[in-house]
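Asker: Give me coordinates for this.
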Amino acid sequence: MMLDSARRQTAPSARSNVPPFMVMDVMAAAARIEAAGGKVVHMEVGQPAFGAPSPAVAAVRAALGKSALGYTESLGIPSLRARIARHYAETYGVPVSADRVIVTTGSSAGFILAFLSMFEAGDRVAIANPGYPPYRHILTALGCEPVLIETDAATRFAITGEALRAAHAKKPLAGLLVASPANPTGTMMTPAALAALIRATEDEGIKVISDEIYHGLDYAVPAETAVRLSENAVVINSFSKYFCMTGWRIGWMVVPQALVRPIDRLQGNLAISVPTLSQIAAEAAFEGRVELDAIKHGYEDNRKILIEGLPKAGLSKFLPVDGAFYLYADVSEFSGDSFDFAKRLLEEAHVAATPGVDFDPVNGRRFVRFCYAGSGADMKEAVERIGGWLRAR
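Answerer: Numbering: from 1, shown residues only. Got it, this is the predicted structure:
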């Protein structure tokens, strides 16, 4: 009787029953190999191998010891919000009021705030398949229903206005989340394609969130911001990728004026405010563009190493490598189970990659994602190891 009572009291909620983010499991397995003395080439985590730009580090050092680091305003330090607003004028030629900018604890908190402020429990939100796993996991945990819309090469693996309208006609959608450059594919939408998709959302009354965390890391065409295309769009961005500040856990949102106060209330209750030191570093990071652009050029070199080297190693089928720092490769010639393929690649060749089933529960068994945010030497070594491993199979 007491045992049954204890089980009821400690039983996890149904909403917590979301799949793990598999890339974290790959990281842990790689760490175990390294702890045993092995050398792993890390291509699993979407994380720059470089640290925050020097102006960000200098600003934090200057701030330490000056005064107590207390809470900031829930929406963020005003000067940082103003600097982010200025970024839109400088980068995209789009004026943005600082009042519409909200600082968040990474883009992850931005998604939670966006979903909570925009949708009710039970609402259906469309996302591209393949796509970033926490989109659907967070939506599920919050009681919403993620709706996967299949994409293919004909649309550069992006949702089209036609596909969105068809899904909405079948069963109404409350929202759409779109990403360009996208994770895991690294593909991008053209400005015209993004504009057409946003027009479809406005025609159908569907709320739209644009994930722009890989902006700045575009190689094929310039990335377009939804801020230019609609005042109703919610944009989420981060200092993690282009700015190389993953561990600082800081991002931002640009939202319609009507959502500012609701998100202010949510942020104040859920987090009080974003870490002060991270906000100080983020504001200064905008002054590190020379360093950051040099890192981006390194990614371009790594991209070339993989595009040219992987076909010679045996992996000749992969999606267009437009932006971000990912290559999504078709491994079906060698395995029908990407999880097993990635597991054996790690154990036998000591190359860590993420199985496609993490990103695509439908067709992901055919694909593996490689992140090329490391050093050029690591990319060359990865190609050699993968080629040797495939030839030995």
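Asker: For the rest of this, base every contact and every neighbour count on C-alpha atoms.
Answerer: Will do.
Asker: just wondering, since we're on the residue lying closest to residue 41 once chain neighbours are set aside, how far is it from residue 360?
Answerer: Excluding the flanking residues, the one nearest residue 41 by CA to CA, 6 or more residues apart in numbering is residue 351, at 4.9 Å. Counting by CA to CA, to the nearest Å, the separation of residue 351 from residue 360 is 21 Å.
Asker: So which residues make contact with stretch 369-376?
Answerer: For stretch 369-376, the external contacting residues (CA atoms under 8 Å, 6 or more residues apart in numbering) are 42-49, 184-185, 298-299, 301-303, 305, 325-329, 353-356, 379.
Asker: What's the mean pLDDT across that stretch?
Answerer: In this model, stretch 369-376 carries a mean pLDDT of 96.
Asker: Enumerate the positions of that stretch that are buried.
Answerer: 369-376 (16 or more other CA atoms under 10 Å).
Asker: so can I have CSV of those residues showing distance to residue 165?
Answerer: Output for the buried residues of stretch 369-376, formatted as CSV (distance: CA to CA, whole Å):
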residue, distance to residue 165
369, 30
370, 32
371, 33
372, 35
373, 36
374, 40
375, 43
376, 43
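Asker: Quick check: phi and psi on the residue nearest to residue 381 when sequence neighbours are not counted?
Answerer: Leaving aside its sequence neighbours, residue 381 sits nearest to residue 41 (CA to CA, 6+ apart; 7.7 Å). Per-residue torsions, residue 41: phi -90, psi 110 (degrees, to the nearest 10).
Asker: same deal with residue 352?
Answerer: According to degrees, to the nearest 10, residue 352 has phi -90, psi 120.
Asker: could you list every residue that touches it?
Answerer: Counting by CA under 8 Å, 6+ apart, residue 352 has contacts 26-27, 30, 40-44, 342, 345-346.
Asker: Keep only those of those residues that are in helices.
Answerer: 26-27, 30, 342, 345-346 (DSSP state H).
Asker: mind listing what the closest residue to residue 122 other than its chain neighbours touches?
Answerer: Nearest residue to residue 122 in three dimensions, chain neighbours excluded: residue 144, at 4.6 Å (CA to CA, 6+ apart). Shown in contact with residue 144 (CA under 8 Å, 6+ apart): 119-125.
Asker: domain parsing for the protein?
Answerer: Here the domain parsing of the chain from automatic domain parsing is 8-51+290-392, 54-287.
Asker: Compute the number of surrounding residues for the residue nearest to residue 189 when sequence neighbours are not counted.
Answerer: Counting by CA to CA, 6+ apart, the nearest residue to residue 189 once its immediate chain neighbours are dropped is residue 180, at 5.9 Å. Neighbours of residue 180 under the rule other CA atoms under 10 Å: 27.
Asker: Show the pLDDT at residue 180.
Answerer: On the pLDDT scale, residue 180 gets 96.
Asker: Repeat that for residue 2.
Answerer: Model confidence at residue 2 (pLDDT) stands at 58.
Asker: For the residue nearest to residue 41, give me phi and psi.
Answerer: Per degrees, to the nearest 10, the backbone of residue 351 is at phi -120, psi 120.
Asker: And residue 211, by the same measure?
Answerer: Torsion angles at residue 211 (phi, psi; degrees, to the nearest 10) stand at phi -90, psi 110.
Asker: what residues does the helix ranked longest in the chain touch?
Answerer: For the chain, the helix that runs over the most residues, judged by DSSP H, is helix 289-313. Outside helix 289-313, the residues that touch it by CA under 8 Å, 6+ apart are 50, 53, 217, 219, 242-244, 316-317, 321, 325, 372-376, 379-380, 383-384, 386-388, 390.
Asker: Right, I'll call it a day here.
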